[in-house]
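Participant: Attaching a predicted model along with its sequence, questions to come.
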Amino acid sequence: AEMEHSRLVNHRVVAALLDSPGFAELHRETVGDPYAAAMAVLAQAGALRRMLDDARPDRDRDERADRARQGAGDAVTVGAEAPRQTGDEADGGDGGDEDGTVPGPAADAVRRTAGDAGTAARRAAADAGQALAAAVPGVPAAARGAVAKSAAGARKEAALMRAWGVGAGEQERMSFDERARLAERLRTGRLAEWAELIGRFRQMADGERARKVENATGELIGVTLGDDLSRVVPSELASLGLPELRAVFAARYAAGELMLYDSQGEQATGRGAVIACVDTSHSMYEAGPGGITREAWAKACALALLDQARQGGRDFVGIVFSAADKLRVFRFPAGRPAGPDRVLDFAETFLGGGTSYQRPLTAACELLEEEFNDSARRRGDIVMLTDDDCGVTEEWMRGWNEAKRRLGFRVFGVGIGAPRVAAAGSVLEALCDNLRSVEDFTDVHAAADLFRVI
């Protein structure tokens, strides 16, 4: 009630923003995060500016009403003071009556002036009130739109960060400019439209990783001898109930000759680096079901393998290849953080051209050889993601098989949108220990078993 009329439109705009149904949700998503809060403000800026521009004529009218009221107040003050001042002057002159009052015509003129000012002020105030009433109906709708857009932007950016594996702690360590540049790159990069696929791939891999238990009991396949008390058969435990047989039980336990259930369970067997060889020949740009390109599916799988390696404390190497003269290697050592810019460089690299198996697989073999020489680690895993089949020389094949025997690594192949690549008798089948074909690019579970065995 005490606010200046020229500020009422601003007040109503802010109140509409705060009262919008989506504001509480927006607040929850941005509280404690200066960057997200700033981006929310910037997202609302356009709508807020339009609301204020639309209300400018009303504010101008309100300002005129405020000036009129101020003028009316001054006029009333003057009207109240003038008779007394004039009367005081009249005591020493000829202008006033003997009792010191102002002559009627002069006092009436002052009152008319004050009355006219008051009438003008009331008219201006009424006009301002009508203008505010006319402007108010559109403000809540515009405010709701601004808040909804801001909330949607905050959710989308948060989803992008999660999909690309950028954690909250990593985001907090970034400066505003670094985070803004990263967000812009995520929104506009080559694989930006496949962020949802990448996120689903990573979630699937995380779930499969949770299923994998090392040295766990599984399917019972018989009875064996040993000293694992958790698998002792009931007949052996029964001997503990007889004092005479307890010494025999102890002796057999010490010798590892107790009868145990023999079981077969899933075990993680890879220990060396995980190497993803991603084909980026021209044909990988083709889209499959759901409009998803072969490249997008391959890169999403490779990024999930990166997570898999880091969770297991293993090095990861991404090899992007196409023709024999086109290859790029991205190394992500287990002991160092995988910066988002480096991950994006790997994911967005596309070389084009034809397809060569020998060049990327030779590079992968050399990396595993280097790892073995440096740290004596064997049993790495190579995953070949391609949509094309190409030949290799016999000499190279002999060297490849010798390297596999010496270094103990495994090779997994994925024929992406090309059944013939994974068919019996193909070159890829001869190279790989485990091979599958993927036709439905919307199904991230087509490669689920990779994350259970790698």
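Facilitator: Okay, I see it.
Participant: What segments of this protein are strands?
Facilitator: 219-226, 258-264, 274-279, 316-321, 327-332, 381-386, 410-416, 434-438 (DSSP state E).
Participant: I figured residue 279 hits residue 298, correct?
Facilitator: Yes: counting by C-beta atoms under 8 Å, residue 279 touches residue 298, with 6.8 Å between them. Placement of C-beta: from N, CA and C, glycine included.
Participant: Now the common contact residues for these two.
Facilitator: 385, 416 (C-beta atoms under 8 Å, 6 or more residues apart in numbering).
Participant: so where is the protein shaky, pLDDT-wise?
Facilitator: 1, 5-6, 58-59, 62, 65-66, 68-139, 211-221, 263-270 (pLDDT under 70).
Participant: So it: which segments form each domain?
Facilitator: 5-149, 219-264, 274-453 (automatic domain parsing).
Participant: what's around residue 452, how many residues?
Facilitator: Residue 452 has 13 neighbours, counted by other C-beta atoms under 10 Å.
Participant: Make sure it is actually in contact with residue 208.
Facilitator: Yes: using C-beta under 8 Å, residue 452 makes contact with residue 208 at a distance of 5.2 Å.
Participant: So what's the residue count around the residue lying closest to residue 340 once chain neighbours are set aside?
Facilitator: Sequence neighbours aside, residue 166 is the residue nearest to residue 340 in space, at 5.1 Å (criterion: C-beta to C-beta, 6 or more residues apart in numbering). Applying other C-beta under 10 Å, we find 21 residues neighbouring residue 166.
Participant: Residue 166 touches residue 183, doesn't it?
Facilitator: No: in this structure, residue 166 is not within contact of residue 183 by C-beta under 8 Å, at 9.4 Å.
Participant: quick one: the closest residue to residue 260 other than its chain neighbours from residue 240, how far?
Facilitator: Nearest residue to residue 260, sequence neighbours excluded (C-beta to C-beta, 6+ apart): residue 231, at 4.2 Å. Distance from residue 231 to residue 240, counting by C-beta to C-beta, to the nearest Å: 15 Å.
Participant: the more surrounded of these two?
Facilitator: Set residue 231 next to residue 240 and count neighbours by other C-beta under 10 Å: residue 231 wins out with 17 against 12.
Participant: Now do the spatially most central residue of the chain against residue 19, distance only.
Facilitator: The structure's the chain has its C-alpha centroid closest to residue 161; by C-alpha atoms, centre = their mean the separation is 2.1 Å. Distance, residue 161 to residue 19, by C-beta to C-beta: 30 Å.
Participant: ok, now residue 279?
Facilitator: Taking C-beta to C-beta, one finds residue 279 at 54 Å from residue 19.
Participant: So for these two, which sits in the more crowded spot?
Facilitator: Neighbours were tallied for residue 279 and for residue 19 using other C-beta under 10 Å; the higher tally belongs to residue 279 (26 against 12).
Participant: CA-only coordinates of stretch 391-399 in PDB, if you can.
Facilitator: Taking C-alpha atoms only, stretch 391-399 is exported to PDB below (Å, rounded to 0.1, in the frame of the first residue of the first chain):
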ATOM      1  CA  GLY A 391      41.100 -59.000 -44.700                       C
ATOM      2  CA  VAL A 392      44.400 -59.400 -42.900                       C
ATOM      3  CA  THR A 393      47.600 -61.100 -44.100                       C
ATOM      4  CA  GLU A 394      48.700 -64.500 -43.000                       C
ATOM      5  CA  GLU A 395      52.000 -63.200 -41.600                       C
ATOM      6  CA  TRP A 396      50.100 -60.600 -39.500                       C
ATOM      7  CA  MET A 397      47.700 -63.300 -38.300                       C
ATOM      8  CA  ARG A 398      50.600 -65.500 -37.100                       C
ATOM      9  CA  GLY A 399      52.000 -62.600 -35.100                       C
END
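Participant: for it, the distance to its chain's centre please.
Facilitator: Counting by C-alpha atoms, centre = their mean, to the nearest Å, stretch 391-399 is centred 44 Å from the centre of its parent chain.
Participant: Buried residues, that stretch. List them.
Facilitator: Buried residues in stretch 391-399, defined by neighbour count with 16 or more other C-beta atoms under 10 Å: residue 392.
Participant: Name the residues that touch that stretch?
Facilitator: With contact meaning C-beta under 8 Å, 6+ apart, stretch 391-399 is reached by 357, 358, 362, 400, 427, 430, 431.
Participant: now do 7 Å
Facilitator: 357, 358, 427 (C-beta atoms under 7 Å, 6 or more residues apart in numbering).
Participant: go on, stretch 233-246?
Facilitator: Residues beyond stretch 233-246 that count as contacts (C-beta under 7 Å, 6+ apart) turn out to be 223, 248, 249, 258, 259, 260, 261.
Participant: Contacts for stretch 415-428 next, please.
Facilitator: 288, 294, 297-298, 357, 384-392, 413, 429, 435-439.
Participant: buried stuff in it?
Facilitator: Per 16+ other C-beta under 10 Å, stretch 415-428 contains these buried residues: 415, 416, 417, 418, 421, 422, 426, 427, 428.
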